[in-house]
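Student: model this:
(one chain, ligands or ions: 1)
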Amino acid sequence: MNRPLQTTGTHANDAANDQHPGTAALRQHPRAEFRIELITHIGRRFLMDSREQRCFWERHIASWSDSAYHKTKRLPLIERAAQPFRKHLPLRQRLAVDIVSNSDAASVLELGCGTGDFAVELVRRSQTLGNYLGIDIADSAVKRAREHVLAAAGSRVKAEVRAAAVEDLDPTSLPFFDFIVVLGLLPYLTDEGLERLSAIGRGKKYVVDYHPREASFFNAVHAAYRTAKGYPFYRMFSDAEAKELMSRLGFGPYNLISRGPLRMMQSV
Ligand SMILES: C[S@@+](CC[C@H](N)C(=O)[O-])C[C@H]1O[C@@H](n2cnc3c(N)ncnc32)[C@H](O)[C@@H]1O
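Tutor: The predicted structure is shown next:
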């Protein structure tokens, strides 16, 4: 089950609003009170909640994945228009497959595995992989991933794909793994999701990417695309913020691979 989530910051702000003497005085004026209600309502729209991501990705993942990785002809117009801006995604996948297969990992956990495109390549390429577990919040992604990954894995690799939000995972109930893969997921994790990621992955070998927060043509186009598609919330990080985040979450030092809009952190 996916719990309703609120950011700690919002709780703190609510409490501050209720206790601040100036706010209490303002509340006595009906027009001011209406304004506060309106602001609170707008603020709520920006609260991070993994249920919104689930609803969104349930509808979106098939066309996103086809547009990113497959030469599918029948795509919605907006996904076809987005294709030229997604060339870094097959590259991200190739680099991540290289990194994990060269690491001699035997057990891999992938969070936000989508339709399983990375895993299919990994089980084909890796000489050492024995176990793979992929987890994604969207049932529609999991259904497709399960079909493709299990077919590629055959009897050589023990592969499993589960539906769950990172926010709902119990780190103690996950099987042992020696490498964690997190591609295209950081923008969609709530604060609770990041904490759970830390509990699951700290101290492990990893490959994790983030979307750089910077002024660029790519980011302007991406913002327009997200608005048109109705993305629930989307987190970007500057290089310094990503470094601080990874250290706060307990992930060890990394090499940063930086190519266009791609920022991939490979544990060292
Ligand atoms: C941009 S896609 C990336 C998919 C895949 N990793 C790839 O690189 O092709 C983001 C994926 O993260 C999943 N996702 C979003 N929020 C999630 C959460 N809180 N827990 C688990 N999966 C989540 C979505 O369902 C979607 O499949």
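
Student: Go through the protein and flag its longest helix.
Tutor: In the chain, assigned by DSSP state H, the helix with the most residues is helix 50-69.

Student: What residues sit buried inside it?
Tutor: The neighbour-count check on helix 50-69 (16 or more other C-beta atoms under 10 Å) flags 50-54, 56-57, 60-69 as buried. For the C-beta atoms, the positions are set from N, CA and C on the backbone; glycine is no exception.

Student: same for the ligand: which of the residues you listed are within range?
Tutor: Ser50, Gln53, Trp57, Ile61 (C-beta under 6 Å from any ligand atom).

Student: buried ones in the helix or strand where Leu197 lies?
Tutor: Assigned by DSSP states H and E, Leu197 belongs to helix 191-201. By neighbour count on 16+ other C-beta under 10 Å, the buried set for helix 191-201 is Asp191, Glu192, Gly193, Leu194, Arg196, Leu197, Ser198, Ile200, Gly201.

Student: how about those in JSON lines, adding pLDDT?
Tutor: Formatted as JSON lines, those follow (pLDDT from 0 to 100):
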{"residue": "Asp191", "pLDDT": "95"}
{"residue": "Glu192", "pLDDT": "96"}
{"residue": "Gly193", "pLDDT": "97"}
{"residue": "Leu194", "pLDDT": "98"}
{"residue": "Arg196", "pLDDT": "98"}
{"residue": "Leu197", "pLDDT": "98"}
{"residue": "Ser198", "pLDDT": "98"}
{"residue": "Ile200", "pLDDT": "98"}
{"residue": "Gly201", "pLDDT": "97"}
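
Student: Of the residues you listed, which ones also sit close to the ligand?
Tutor: With C-beta under 6 Å from any ligand atom as the criterion, these include Gly193 near the ligand.

Student: And the buried residues of helix 191-201, which two are furthest apart?
Tutor: Asp191 and Gly201 (15.9 Å; C-beta to C-beta).

Student: For Ile257, list each beta-bridge partner.
Tutor: Met264 (DSSP bridges).
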